[in-house]
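S.K.: need a structure here:
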Amino acid sequence: MKNKQRSNTRALQHSNQINVGVITISDRASAGDYKDLGGPALKEVAQKAGWQVLAEAIVPDNATRIQETIRSFSQQGCGLILTTGGTGIGPRDVTPEAIRGIMRVELPGFGEVMRAESMKITPNSILSRNLAAIVGHALVIALPGKPSGAVECLGFVQGAILHGVALSQETPTSC
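M.R.: Model (predicted):
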């Protein structure tokens, strides 16, 4: 079963199709006090890129819940997991710590590019702790909570995503 799933994943990679999970991390949105705008914005971008959104969730700013959701999405076959929220410097912003607690390897270039490009838009981006890492067989990208920031940052790194997902799933590549 595992080999069949991996070969199906390989076929999807060659057609630019990626199975995606989208996680909104927000105490207020998870409690129903605030309408989630970031998750739907990322879902729209993913679908426009030709990717299939397999799973979506809204979870509170809680490291354990974030980790459980990321692991679950990876086990469900999401090769790319996009998170929005929890990357600031507030006391409840724990997304980077949650991801680092379960990652195999961090990919610092993603965060570096997102911050550098965002600095051209707003000087406050220097406070963002966006990152990317490999968790299980998924590329996880932690994006800002503001919908426009999440979409912009995803656009800054989108060119490396197909290759990153292929590598995370141990799919042979040309490099």
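
S.K.: Now do the strands in the protein.
M.R.: Assigned by DSSP state E, the chain shows strands spanning 19-25, 52-59, 80-84, 105-106, 131-135, 138-143.

S.K.: contacting residues around the third one?
M.R.: By CB atoms under 8 Å, 6 or more residues apart in numbering, the residues outside strand 80-84 that reach it are 18-25, 38-39, 41-42, 46, 51, 66, 70, 73-74, 95, 99, 135, 138-145, 147, 150, 154, 161, 165. All C-beta spots, glycine's among them, are computed from the backbone N, C-alpha and C.

S.K.: Residue 98 versus residue 20, what's the distance?
M.R.: For residue 20, the distance to residue 98 equals 19 Å [CB to CB, to the nearest Å].

S.K.: show me where pLDDT drops low in the chain?
M.R.: 1-15, 172-175 (pLDDT under 70).

S.K.: again, 90 this time
M.R.: 1-17, 169-175 (pLDDT under 90).

S.K.: Quick check, central residue of it?
M.R.: Closest to where the C-alpha atoms of the chain average out (CA atoms, centre = their mean) is residue 82, at 2.1 Å.

S.K.: distance of it from residue 91?
M.R.: 24 Å.

S.K.: burial measure for the nearest residue to residue 34 once chain neighbours are set aside, as a count.
M.R.: In space, and not counting its chain neighbours, residue 34 is closest to residue 28: 3.7 Å by CB to CB, 6 or more residues apart in numbering. For residue 28, the neighbour count with other CB atoms under 10 Å is 14.

S.K.: quick one: residue 28 and residue 122, what's the gap?
M.R.: For residue 28, the distance to residue 122 equals 22 Å [CB to CB].

S.K.: Now for residue 61, how many residues are close by?
M.R.: Neighbours of residue 61 under the rule other CB under 10 Å: 21.

S.K.: Not including adjacent chain positions, what is the nearest residue to it?
M.R.: residue 92 (4.1 Å).

S.K.: swap in residue 132?
M.R.: residue 110 (3.4 Å).

S.K.: what's that neighbour in contact with, if anything?
M.R.: Residue 110 touches 130, 131, 132, 141, 157, 160, counting by CB under 8 Å, 6+ apart.

S.K.: swap the cut-off to 10 Å and go again
M.R.: Counting by CB atoms under 10 Å, 6 or more residues apart in numbering, residue 110 makes contact with 130-133, 139-143, 153, 156-157, 160-161, 164.

S.K.: any idea which of the residues you listed is closest to residue 58?
M.R.: Nearest to residue 58 among the contacts of residue 110 is residue 143, at 14.6 Å by CB to CB.

S.K.: Okay, and the beta partners of the closest one?
M.R.: Per DSSP bridges, the residues bridged to residue 143 are residue 84.
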